[in-house]
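A.B. asks: My questions concern the predicted model and sequence given below.
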Amino acid sequence: MDKLEEQIAHLTRTVEDLSEVVARQDKELALLTRRVQLLLEREAARESDGGGGVVFGDERPPHY
């Protein structure tokens with residue numbers, strides 16, 4: 001009986017630890033998602049202003 005109680009206590013602690021990890025990761029993911037969204041919005045604004053400046057693949061910059 002003591003062994004079962006010990007295992008339950010261990011499993012309970014493990015579940016609590018994992019719950020804390022998941023909660024922290026959820027906050028980090030939300031923050032990173034927001035930062036990516038802001039970067040996408042900033043880049044879209046830069047492109048609409050004509051200041052893109054990024055060359056993709058075989059595209060040549062305008063000064064060529």
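C.D. replies: Noted; the coordinates are in hand. Because the structure is predicted, anything quoted here is derived from the model rather than measured. Residues are numbered from 1 along each chain as shown.

A.B. asks: what are the ranges of the helices in the protein?
C.D. replies: For the chain, applying DSSP state H gives helices covering 2-48.

A.B. asks: Any regions of this structure where pLDDT drops low?
C.D. replies: Counting by pLDDT under 70, the chain has low-confidence residues at 51-57, 59, 61, 64.

A.B. asks: Apply 80 and report the result again.
C.D. replies: Along the chain, the parts satisfying pLDDT under 80 run over 50-64.

A.B. asks: which parts of stretch 2-13 are buried?
C.D. replies: When burial is assessed from 16 or more other C-beta atoms under 10 Å, stretch 2-13 yields no buried residues. Just so you know, the C-beta spots here come from the backbone N, C-alpha and C atoms, and that holds for glycine as well.

A.B. asks: contacts for it?
C.D. replies: Where contact means C-beta atoms under 8 Å, 6 or more residues apart in numbering, no residue beyond stretch 2-13 reaches it.

A.B. asks: and that stretch, how far out from the chain's middle?
C.D. replies: A distance of 34 Å separates the centroid of the chain from that of stretch 2-13, by C-alpha atoms, centre = their mean, to the nearest Å.

A.B. asks: Could I get the CA-only coordinates of that stretch as CSV?
C.D. replies: Included here for stretch 2-13 are C-alpha records, laid out as CSV according to Å, rounded to 0.1, in the frame of the first residue of the first chain:
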residue,chain,number,x,y,z
ASP,A,2,2.8,2.4,0.8
LYS,A,3,4.4,1.7,-2.5
LEU,A,4,1.2,2.7,-4.3
GLU,A,5,0.9,5.9,-2.3
GLU,A,6,4.5,6.7,-3.1
GLN,A,7,3.9,6.1,-6.8
ILE,A,8,0.8,8.2,-6.8
ALA,A,9,2.6,11.1,-5.0
HIS,A,10,5.4,10.8,-7.6
LEU,A,11,2.9,10.8,-10.5
THR,A,12,1.0,13.7,-9.0
ARG,A,13,4.2,15.8,-8.8
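
A.B. asks: For the spatially most distant residue from the centre of the chain, give its distance to Ile8.
C.D. replies: No residue in the chain sits farther from the centre than Met1, which is 44.0 Å out by C-alpha atoms, centre = their mean. Remark: distance between Met1 and Ile8 (C-beta to C-beta, to the nearest Å) = 11 Å.
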